[in-house]
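Q: Let's see this in three dimensions:
(one chain, ligands or ions: 2)
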Amino acid sequence: MKRRILNIACIGAGYVGGPTMAVIADRCPHVSVTVIDLNEARIAAWNSDTLPVYEPGLDEVIRRTRGRNLRFIPQREGAAAVAAADAVFISVNTPTKTQGAGAGKASDLGYVEACARYIAEHALGHTIVIEKSTMPVRAADTIKRILATSPRVGTFDVLSNPEFLAEGTAIRDLEKPDRVLIGGETPAAVDALAEVYAHWVPDQAILRTGLWSAELSKLAANAFLAQRVSSINAISALCEVTGAQVEEVAKVLGTDTRIGPKFLKASVGFGGSCFKKDLLSLVYLCEFYGLTEPAAYWQSVQDLNEWQKRRFAQMAATHAKKQGGVVAVLGLAFKKNTNDFRESPAIDICNYLLAAGVRLRLQDERVDPHMFGAVLVDDHKAGFDFFCEAAEAVRGADAILVLTEWDQYATLDWRKLSTVAAPGVMIFDGRTVVDPVAASAAGLPVFTVGIGAAK
Ligand code: UDX
Ligand code: ADP
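A: Ligands and ions are numbered 1, 2, ... in the order given. Okay, the predicted model is just below:
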């Protein structure tokens, strides 16, 4: 039977659900889209002028669609939207489990299971349930089992349609995706979802696979991307001690068409809500199926990332402690153009420095200081303060760490900053964003990841 999706509900109004539904509503004006979330403050923010997610281009898309065919409502008002929906997206968080079997590695499907129960309770007629959040492979089994308990006489198809958007470029990624992946067992359901995307995505970019391949592909894609970052970061350390320059090495690697140029930027370590969680989930799956060596392989990608953050923090702490013990940290977000700091390298590095007794002066143009302050651990009462401007944050600093590649850090006036920083200050650039010539001209030594200390 040919099905058409004209009514969509999405459970979860976060970094994935919000922008994804906004773009679907924008590109499909004939489809009515309702986004539901338990977090009423978040829903209120989606309905305000200050959206809860910062993404370039998102404001414009929301302005065009909100109140037209896109609405954000609290979960307690969501039952009718689920009942009316032809398709319900599950876009809730799947954090690493903190207790029970697989704690510390396996993904916690608690929020997903709660969504499945909510759908089972309220859906009517035939409903296509779509996994949008990253799930461990075979999560659809769990969802199907819960849907089968539905007290209604509804029927269901379950599809996996993982999101590949990267934060900071979410709108561009959604509007012009490399591919859209739809995994499912019922061709009619797969076709119905493909028809939605076909309004703006070329047919050859819509990939159809089995359910398990789709679920695993998302985990594998993130693991491959994380592995590239850990690979170039492993090379960065070797560059620093041999005189090779990581940007030159990356350029050479990238011109090999088999390797390609993207995702070869050395850094202070990868962050974000996905890479660590998905690597650990993959490690857990491998262990679960008795695949010891593959588990160790993927674990090593994560371990290298931890090492990269630690060695950077150690270098900065050693330098700062020889002087007055004050460090300015420029950039707290896990990458530029987002206000998200989940798993940001800045968290571990700041906590390492605080534990070493270093006083911190923090600055980021988008991250909420209260929220960031809440994840810092300052048992030794070393102290930390937030500043709006980089020029203020570096006042009296013995070391300046650059941890996010915000554009503004490429054009900092180092001559001016050198007059307010402490004598003997050193810059530690974890993102190859600082202009080493300008910094050196201002008399400031720079240590750049993958390059080492400027001569
Ligand atoms: C990632 C995937 O890219 C996306 O497809 C998936 O849907 C979600 O996870 P995201 O975490 O938003 O997206 O950002 P991404 O651009 O992948 O960056 C992740 C981390 O790796 C960031 O901390 C970034 O700074 C770092 N990174 C990335 C590097 O250090 N070097 C690089 O060359 C690329
Ligand atoms: P992501 O980056 O995957 O979008 P977020 O944490 O930004 O993750 O967003 C997930 C959203 O899902 C949160 O706003 C959270 O309140 C919401 N959520 C989690 N569980 C449920 C649930 N059972 N029903 C409705 N919303 C939920």
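Q: can you list the residues of the chain near ligand 1?
A: Contact residues (C-beta under 6 Å from any ligand atom) of the chain with ligand 1: 163-167, 222, 225, 229, 263-265, 267, 270-272, 274-275, 334-335. (Each C-beta comes from the backbone N, C-alpha and C, glycine too.)
Q: Derive a PyMOL selection command for the buried subset of the residues you listed.
A: Those of the residues of the chain next to ligand 1 that count as buried under 16 or more other C-beta atoms under 10 Å are selected in PyMOL with:
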select buried, resi 163+164+165+167+222+225+229+263+264+265+267+270+271+272+274+275+334+335
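Q: quick one: average confidence on stretch 440-449?
A: For stretch 440-449, mean pLDDT rounds to 96.
Q: who's in contact with that stretch?
A: 233, 236, 240, 246, 266-268, 312, 315, 414-415, 417-418, 421, 425-432, 434, 436, 439, 453-454 (C-beta atoms under 8 Å, 6 or more residues apart in numbering).
Q: try it again with 6 Å
A: Stretch 440-449 is contacted by residues 236, 266, 414-415, 418, 426-430, 432, 434, 436, 439, 453-454 when judged by C-beta atoms under 6 Å, 6 or more residues apart in numbering.
Q: Ligand 1: which of those is nearest?
A: residue 266 (7.0 Å; C-beta to the nearest ligand atom).
Q: Pretty sure that closest one sits against residue 232.
A: Yes - using C-beta atoms under 6 Å, residue 266 and residue 232 qualify as a contacting pair, with a distance of 5.1 Å.
Q: higher neighbour count, those two?
A: Neighbours were counted for residue 266 and for residue 232 using other C-beta atoms under 10 Å; residue 266 has more, 28 against 21.
Q: contacting residues for that one?
A: With C-beta under 6 Å, 6+ apart, residue 266 has these contacts: 232, 233, 236, 246, 449, 450.
Q: Could you chop this protein up by domain?
A: Split into domains by automatic domain parsing, the chain comes to 7-209, 275-453.
Q: Turn these into JSON lines, columns for distance to residue 255.
A: JSON lines is the format used below for the domains of the chain (distance: least, C-beta to C-beta, whole Å):
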{"stretch": "domain 7-209", "distance to residue 255": "20"}
{"stretch": "domain 275-453", "distance to residue 255": "18"}
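Q: Please name whichever of the ones you listed is nearest to ligand 2.
A: domain 7-209 (1.8 Å).
Q: Which pLDDT value goes with the residue nearest to the spatial centre of the chain?
A: In the chain, the residue lying closest to the centroid (C-alpha atoms, centre = their mean) is residue 272, at 3.6 Å. Turning to residue 272, the model gives it a pLDDT of 97.
Q: What is the most widely separated pair among the contacts of stretch 440-449?
A: 236 and 415 (28.2 Å; C-beta to C-beta).
Q: how about the helices in the stretch 201-350 of the chain?
A: If DSSP state H, counting those that start in this stretch is used as the criterion, the helices of the stretch 201-350 of the chain fall at 211-242, 246-254, 275-288, 292-322, 345-355.
Q: from the contacts of stretch 440-449, which ones fall inside strands?
A: Residues of those located in strands (DSSP state E): 426, 427, 428, 429, 453.
Q: any idea which of these has the most stuff around it?
A: That'd be residue 427 among the ones in strands among the contacts of stretch 440-449, by other C-beta under 10 Å, with 29 neighbours.
Q: OK, contacts around that one?
A: 400, 434, 439, 444, 446.
Q: tally of neighbours for the closest residue to residue 279 other than its chain neighbours?
A: Spatially, and ignoring its direct neighbours in sequence, residue 279 is nearest to residue 302 (4.8 Å; C-beta to C-beta, 6 or more residues apart in numbering). Neighbourhood size, residue 302 [other C-beta under 10 Å]: 21.
Q: and if you look at residue 404?
A: 30.
Q: and the residue lying closest to it once chain neighbours are set aside, what pLDDT?
A: Nearest-residue entry for residue 404: residue 331, 2.7 Å, with adjacent residues in sequence omitted and distances by C-beta to C-beta, 6+ apart. The per-residue pLDDT reported for residue 331 equals 98.
Q: Residue 331 reaches residue 403, doesn't it?
A: Yes - at 4.4 Å, residue 331 counts as touching residue 403 under the criterion of C-beta under 6 Å.
Q: Let me see the contact set for residue 168.
A: Counting by C-beta under 6 Å, 6+ apart, residue 168 has contacts 335, 337, 338.
Q: of those residues, closest to residue 291?
A: Using C-beta to C-beta, the contacts of residue 168 come closest to residue 291 at residue 335, 31.1 Å.
Q: what helix or strand is residue 117 on?
A: helix 110-122 (DSSP states H and E).
Q: how far out from the middle of the chain is that helix?
A: 24 Å (C-alpha atoms, centre = their mean, to the nearest Å).
Q: and the end-to-end length of stretch 381-390?
A: 23 Å (C-alpha to C-alpha, to the nearest Å).
Q: Could you pull out the helices in the stretch 351-455 of the chain for me?
A: So, for the stretch 351-455 of the chain - with DSSP H, counting those that start in this stretch - the helices run 369-373, 390-393, 414-420, 436-441.
Q: Give me whichever of those is most buried.
A: helix 390-393 (a mean of 19; mean count of other C-beta atoms under 10 Å).
Q: Give me the contact list for it.
A: So helix 390-393 is in contact with 328, 330, 361, 363, 387, going by C-beta under 6 Å, 6+ apart.
Q: Filter these down to the ones in strands?
A: 328, 330, 361, 363, 387.
Q: Of these, which is the nearest to ligand 1?
A: Nearest member of the ones in strands among the contacts of helix 390-393 to ligand 1, counting by C-beta to the nearest ligand atom, is residue 330, at 14.6 Å.
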